[in-house]
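Asks: Need a 3D model of the sequence below.
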Amino acid sequence: MPIVEFERLADNWSLRQYGANIESIPATTSGKPGAKAGANSAASWPLPASNFAVWDPTNGNDSNAGTVGAPVKTLPSALSKITAGGTVVVRGGVHSGTEVGYRIASAAGYNANLGYGGINVSKQCTIQPYPGEQVILDGTRDESGGWTSGSGYWSKAISITIDRGPTDSYGQLDNNNTFGWKWVRDSAWRTLMTNAGYANPEALEMFPLASWNEQVWIDDVQQQQVATLAEVGPGKFYVAGSTGGTNGVLFTSSTYYLGTNPTGKSVRVGELCTSLRLGVAGSTLRGLKFRRFCGSSHMGGTVKGTTANSTFEDIVVEDASSVAYDLYQADNSTYTRCEAIRAGCIAFRPSFSYNLVYDRCKIQGANYRRYNSSPATGSLRIGRCRNVLAKDCDFSNNYTMGVWCDISCYDVKVVNCALDNNTEHGAVFEIGAKVLMANCTITGNGVHGVVVLSHNDANIWNCTFAGNGAKRGKVFDGNQPRNIKVYCDDRRVMDSPPYSPGTGTYPGYGRDARQPIPDPTMNNWLIESFTARNCIFAPGDLQFSYLPVEDLQKPNSRNWTEYGIVSNGNLFNRLSTSNPAWAFLLPGVGSAQTILQGANAVAQWRSTTGQDASSIEVVGPSVCGGDGWLTAPNKALYGKGGAQCPAVALPADVAALIGVPTGDQHVGAYETI
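Replies: Okay, here's the model as predicted:
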């Protein structure tokens, strides 16, 4: 299925493809960053010799013994038949209904805690498919047949309650007053943008139904929801009903209207919000596929881990209306070869969790419902987490950022990953400390390649930046695209006692409550160290500068010398000495700023900062081809062993993470390892 984007055109909703179909994107050769990502569809695990129960949500019976020949119907029954450390084996097939997920029974009786919880895995165990069988847990129910033809539509009485709340707190309405800080890009949001002076039609696109989480599928083709019956047409559906719950965020349908003739076709309507939650430490979920769940952001991911040592392996989550995977207070947890395809808002959302591993995970089509990028979305969206490793992952082709470390994250490593062709930035590291990016491709992103915002001690090694900036009109920070954007704003993790709401500019905002007050590792969200080595900086569609360092704390800006800039071994490439016009930016005390431009920009940078002694600049066409890699002539000249290779030797720790020898000299990302 192609990636699809919801967009507002002439006051009507429509579907359109964004770029190429997923299937048409050329496969990378073995060894390129991100090439190993994705679930192993052929994975199979044998039946345990003992201490297992068989779960068949469709054909089982809870009066059965839970054996291969007599499976049970519900997960609680299966868990009751094993001791801690046992295995639940799931029979193959497409399973739906409340045996596999949580359904809101009614708006009047809704319990927000149950909505977040889903089906709790309440005993330490492993859940896996029966050997050689594919298991699909489906959030929709069969509504084929019984449709009545009307004037340009087909209707059927259906009662399902869905949470349409736009935020991650139940019953909390969207923010209508703060500039640029709405979850949903609706008419109120566009008015804010227009009043602020933004006139670009593309930048003012609205997606007001982003949080309307209903789903309809006709013969496995997803239909597009519209706001009124008058808008119903081929491929579209409308839901009539009534609101309830806190602030009316719960919507109970009375009638579904289809614009496509359902006669003789399979019609499935979304009813389940969330599925399984690992709630006991040391549990494992592997080999299952989850699809078409209709939960809201507050309900959390289709699949969750809420305790330590949770393990997810070869899991696929497709077409979640909001969040695919959630992890909360789940230290020492691991995702291996997991996929999130077309998550409505966020794909992976870990928070308040330490010592996490994302190994060969794949995210595509995240934020397909087109929530506003801030504060809502992300592919891998990390908050208040420490010691996180994302390795050999593919964070490409999403309607948001590839990776977003947001709020008090510490010691995050992104290694051997692809962060390409996202509609916004490749990666954002915001108000935290200590990050390493090594051997990554950051190409073809809509705006910036990597943003380092008030995040201290960022180290970037052997990354390839090329072709970024193609969709600059979709965000609102007032700047042209950059391959790397480094800057500080006025947020501080803790300014002074009493560290409570109502004191300071951002009093206690974003603090990790598990850390001491003040938290010395956060460096009070001031950048005092930044490194870029062995990188390729190739031009994009609207290229602006190589390495801009800015301070937005005007009139109290710090001097660039306080930023601890270290840069060397890089290949700088611009189309001409005036494109980009501003090659480097440096902040000064107060409102001062130094702009280095023109033919001597690199020489001025060297003499001013003392950096990039071995780096070189190539003025002319991009050194990279359309695939983001050095073209053959440039590879021969600037690549490993080339006469003009500018790279410096890799230190042992970075080399070990990438998987190459210590001291290796290579510019940009490695094509093969």
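Asks: my guess is residue 445 contacts residue 399, does it?
Replies: No - contact criterion CB atoms under 8 Å: residue 445 and residue 399 do not qualify, at 11.6 Å. Glycine gets a C-beta too; all of them are placed from N, C-alpha and C.
Asks: what residues are shared contacts of those two?
Replies: Common contacts of residue 445 and residue 399, defined by CB atoms under 8 Å, 6 or more residues apart in numbering, comprise 422-423.
Asks: and residue 406, how far is that from residue 492?
Replies: According to CB to CB, to the nearest Å, residue 406 and residue 492 sit 16 Å apart.
Asks: got it, and residue 427?
Replies: Counting by CB to CB - residue 427 and residue 492 are separated by 23 Å.
Asks: Can you pick out the residue with more neighbours from the two?
Replies: Remark: of residue 427 and residue 492, residue 427 carries more neighbours, 31 against 21, as counted by other CB atoms under 10 Å.
Asks: Surely the more buried one and residue 413 touch.
Replies: No - checked against CB under 8 Å, the pair residue 427 and residue 413 is beyond contact range at 12.0 Å.
Asks: all strands of the stretch 101-250 of the chain, in order?
Replies: Assigned by DSSP state E, counting those that start in this stretch, the stretch 101-250 of the chain shows strands spanning 119-121, 125-129, 135-138, 140-142, 148-149, 154-157, 161-163, 216-218, 221-222, 224-225, 236-244, 250-258.
Asks: Paired strands for the fifth one, with orientation please.
Replies: The pairing partners recorded for strand 148-149 under DSSP bridges are strand 154-157 (antiparallel).
Asks: And the first one, by the same measure?
Replies: Strand 119-121 has its sheet partners listed here by DSSP bridges as strand 276-278 (parallel).
Asks: With the third one instead?
Replies: Paired neighbours of strand 135-138 in the sheet (DSSP bridges): strand 93-95 (parallel), strand 288-291 (parallel).
Asks: Out of those strands, which is closest to residue 151?
Replies: For these, the distance to residue 151 is smallest for strand 288-291, at 33.1 Å, taking CB to CB.
Asks: Residue 171 contacts residue 244, doesn't it?
Replies: No - with contact defined as CB under 8 Å, residue 171 does not reach residue 244; the gap is 10.9 Å.
Asks: So the most centrally placed residue in the chain, which state does it fall into?
Replies: Of all residues in the chain, the one closest to the mean position by CA atoms, centre = their mean is residue 379, 0.7 Å from it. Classification of residue 379 by DSSP: H, G, I helix; E, B strand; the rest coil places it in strand.
Asks: Verify the stated contact: it with residue 347.
Replies: Yes - shown here, residue 379 and residue 347 form a contact pair, counting by CB under 8 Å, at 4.9 Å.
Asks: Tell me the residues that contact both of these two, please.
Replies: Common contact partners of residue 379 and residue 347 (CB under 8 Å, 6+ apart): 340, 363, 366, 398.
Asks: Would you reformat these as a markdown table and include distance to residue 293?
Replies: Below are the shared contacts of residue 379 and residue 347 laid out as a markdown table (distance: CB to CB, whole Å):
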| residue | distance to residue 293 |
| --- | --- |
| 340 | 12 |
| 363 | 17 |
| 366 | 15 |
| 398 | 19 |
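Asks: Much appreciated, bye for now.
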